[in-house]
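S.K.: Based on what follows, work out the 3D shape:
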Amino acid sequence: MAQRGKVEPIVWYLRGSAPSDGEIKKTVSWQLPDDRKYTAEIIARNEIVHRLKRLAPRPKAILTAGWTRKSTWMAVWAGKRLGVPVILSTDKVTPEPPGWQTLRRPISLWHRLKNRLCFDGFFTTGSLGVEALESTGVTRSRIARGLYPVDVCWWQTNVTSLKEKSRIIRDEAGANPFVVLAVTKWAERENPLLILEAFSHFRKEVPEAYLVLVGDGPLRFAVEEKIRGLSLETHVRCPGYVRYQDLPTYYGAADVFIHVPSHGPWELSVVEAMACGVPIVATTNVGAAHDLVVLGKTGALAPPGNAVALAKALKCVADGRGNKETVQAAALDQAQRVDVEAVSSELESLIERLQVFKHSKGFTKSVGVV
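M.R.: Residues are numbered from 1 along each chain as shown. Below is the predicted model:
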């Protein structure tokens with residue numbers, strides 16, 4: 001958005017600790033760009049309101065995340081005082097969990113009141129996120145989609161530059177292999193054991209299949225036991241946790257990408273794979289797959305938790321490998337829908353709509369930063 005020049009982003013972090021992942025129970029590596037064209041700094045939470053009041057010119061909008069966080073409500077309070085629209089980032093896509101039936105109605109009422117009275121706009125994932133917001137009374141004009149975008153150009157550039165390393169992975173898989181790739185946390189939610197079960201069924205139909213299972217986590221022992229129990233030792237490669245900047249090597253080696261979490265509001269890895277031209281096999285509860293996977297063109301879907309159905313979906317993709325270039329182009333085309341350029345444009349449009357609304361209500365005039 002900074003490069004596009006329509007807004008001047010100012011980013012505030014509340015802490016500067018090393019990134020970590022709660023699901024895999026470890027600190028992870030993350031490479032920040034060296035050529036940032038926007039202001040980014042760490043501030044104390046109790047500075048939020050004061051700093052927002054001092055911004056000149058007054059911001060066009062405040063974008064915040066996590067309605068349960070105190071920092072968000074401080075931003076909401078400041079936005080109301082300044083007459084600046086507040087946009088909530090949210091990846092909520094489903095009603096409350098089944099165990100909460102008795103609380104579902106009051107919680108639903110709370111979301112309706114919160115979304116109507118406290119926030120002006122919403123930045124969500126895809127169509128499932130839009131449906132969840134609309135179910136609480138939010139109109140489509142107050143919503144922007146693309147909360148988790150990808151930089152398609154970055155992925156394409158790196159897949160090309162790392163092509164030789166990708167070829168090495170394919171050579172290790174054997175002669176003319178069909179490489180199935182999973183980039184997943186070895187934790188309960190992302191179901192690595194289900195991937196192994198589905199792959200075992202799939203190999204009975206496609207014996208040249210080879211699985212690259214990228215990841216790490218608390219289920220490492222169970223994953224290793226499962227591989228031995230299914231006699232897949234020579235057909236599965238487990239490179240462990242892979243740095244983000246090295247992932248294009250693995251996407252570039254894949255014939256299909258598989259992702260099967262127990263629940264997945266969006267699941268960014270699906271779009272990363274598609275940005276590299278890789279077709280997808282995923283479960284129907286994955287938000288990105290719901291929006292971007294087109295049967296017979298960019299992959300296939302299966303119901304959650306069904307290893308046999310997943311194997312059939314993999315077979316469907318394998319049967320179409322003769323049209324690899326067409327499939328690659330279709331996957332790339334779908335990924336462009338959530339590219340950083342497209343998403344920036346959508347968010348900018350939301351900010352403009354909220355500005356018009358605020359002006360019509362007699363609030364703030366034109367402003368210069370987000």
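
S.K.: Please, where are all the helices along the stretch 251-370 of the chain?
M.R.: 268-275, 287-292, 307-319, 324-335, 340-360 (DSSP state H, counting those that start in this stretch).

S.K.: Check the stretch 1-150 of the chain too.
M.R.: 48-54, 70-82, 101-117, 127-134.

S.K.: I'd like the helices of the stretch 251-370 of the chain laid out as a markdown table, including mean pLDDT and mean neighbour count.
M.R.: No exception for glycine: its C-beta is placed from N, CA and C like everyone else's. Converted to a markdown table, these look like this (pLDDT from 0 to 100; neighbours: other CB atoms under 10 Å):
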| stretch | mean pLDDT | mean neighbour count |
| --- | --- | --- |
| helix 268-275 | 98 | 26 |
| helix 287-292 | 96 | 24 |
| helix 307-319 | 97 | 20 |
| helix 324-335 | 95 | 18 |
| helix 340-360 | 91 | 17 |
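
S.K.: Nearest to residue 1 among those would be which one?
M.R.: helix 340-360 (4.6 Å; CB to CB).

S.K.: which residues make contact with the closest one from outside it?
M.R.: 1, 4, 6-7, 60-61, 83-85, 87, 120-121, 123, 141-146, 149-152, 336, 364-367, 370 (CB atoms under 8 Å, 6 or more residues apart in numbering).

S.K.: So how do I select the buried members of these in PyMOL?
M.R.: The buried subset of those, as determined by 16 or more other CB atoms under 10 Å, is captured in PyMOL by this line:
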select buried, resi 1+7+60+61+84+85+87+120+121+123+142+143+144+145+146+149+150+152+364+367+370
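
S.K.: Keep only those of the contacts of helix 340-360 that are in strands.
M.R.: Among the contacts of helix 340-360, DSSP state E puts 87, 121, 123, 143, 144, 145 in strands.

S.K.: Distance check, the fifth one against residue 163.
M.R.: Counting by CB to CB, to the nearest Å, the gap from residue 144 to residue 163 is 35 Å.

S.K.: Provide a list of residues in contact with the nearest residue to residue 300 once chain neighbours are set aside.
M.R.: The shortest distance from residue 300 to any residue other than its chain neighbours is 3.8 Å, reached at residue 313 (CB to CB, 6 or more residues apart in numbering). Going by CB under 8 Å, 6+ apart, residue 313 touches 281, 299, 300, 301, 302.

S.K.: Just flag the most distant two among these.
M.R.: 299 and 302 (10.4 Å).

S.K.: Torsion angles phi and psi at residue 285?
M.R.: Here is the backbone geometry of residue 285 (degrees, to the nearest 10): phi -90, psi 10.

S.K.: Chain neighbours aside, what residue packs nearest to it?
M.R.: residue 304 (5.1 Å).

S.K.: these two touch, right, the one you found and residue 282?
M.R.: No. Counting by CB atoms under 8 Å, no contact exists between residue 304 and residue 282, whose distance comes to 9.8 Å.

S.K.: shared neighbours, these two?
M.R.: Residues touching both residue 304 and residue 282 by CB under 8 Å, 6+ apart: residue 260.

S.K.: So which of these two has more stuff around it?
M.R.: Using other CB atoms under 10 Å as the criterion, residue 304 and residue 282 rank with residue 282 on top: 29 against 18.

S.K.: Roughly how far does that one sit from residue 1?
M.R.: On the measure of CB to CB, residue 282 and residue 1 end up 29 Å apart.

S.K.: And for stretch 109-118, what's in contact with it?
M.R.: 67, 76, 86, 88, 122, 133, 136, 137, 138.

S.K.: Reformat the helices of the stretch 1-150 of the chain as JSON lines; add mean neighbour count, distance to residue 342 and mean pLDDT.
M.R.: Output for the helices of the stretch 1-150 of the chain, formatted as JSON lines (neighbours: other CB atoms under 10 Å; distance: least, CB to CB, whole Å; pLDDT from 0 to 100):
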{"stretch": "helix 48-54", "mean neighbour count": "15", "distance to residue 342": "29", "mean pLDDT": "94"}
{"stretch": "helix 70-82", "mean neighbour count": "17", "distance to residue 342": "26", "mean pLDDT": "94"}
{"stretch": "helix 101-117", "mean neighbour count": "13", "distance to residue 342": "25", "mean pLDDT": "76"}
{"stretch": "helix 127-134", "mean neighbour count": "18", "distance to residue 342": "15", "mean pLDDT": "94"}
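
S.K.: Grab the nearest non-local neighbour of residue 87.
M.R.: residue 121 (4.1 Å).

S.K.: Residue 178 reaches residue 318, doesn't it?
M.R.: Yes. With contact defined as CB under 8 Å, residue 178 and residue 318 form a contacting pair (5.5 Å).

S.K.: Quickly list what's touching both of the two.
M.R.: Common contacts of residue 178 and residue 318 (CB under 8 Å, 6+ apart): 206, 209, 255, 256.

S.K.: lowest-pLDDT helix or strand in this structure?
M.R.: Here the helix or strand of the chain ranked lowest by mean pLDDT, DSSP states H and E is strand 26-27, holding a mean of 70.

S.K.: neighbouring strands for it, and are they parallel or not?
M.R.: Paired strands of strand 26-27, with direction, are strand 20-21 (antiparallel) (DSSP bridges).

S.K.: how far is the strand it pairs with from where the chain is centred?
M.R.: Remark: strand 20-21 is offset 16 Å from the chain centroid, using CA atoms, centre = their mean, to the nearest Å.

S.K.: State the mean pLDDT of that strand.
M.R.: Averaging pLDDT along strand 20-21 yields 73.

S.K.: ditto for stretch 143-160
M.R.: Here the average pLDDT along stretch 143-160 is 97.
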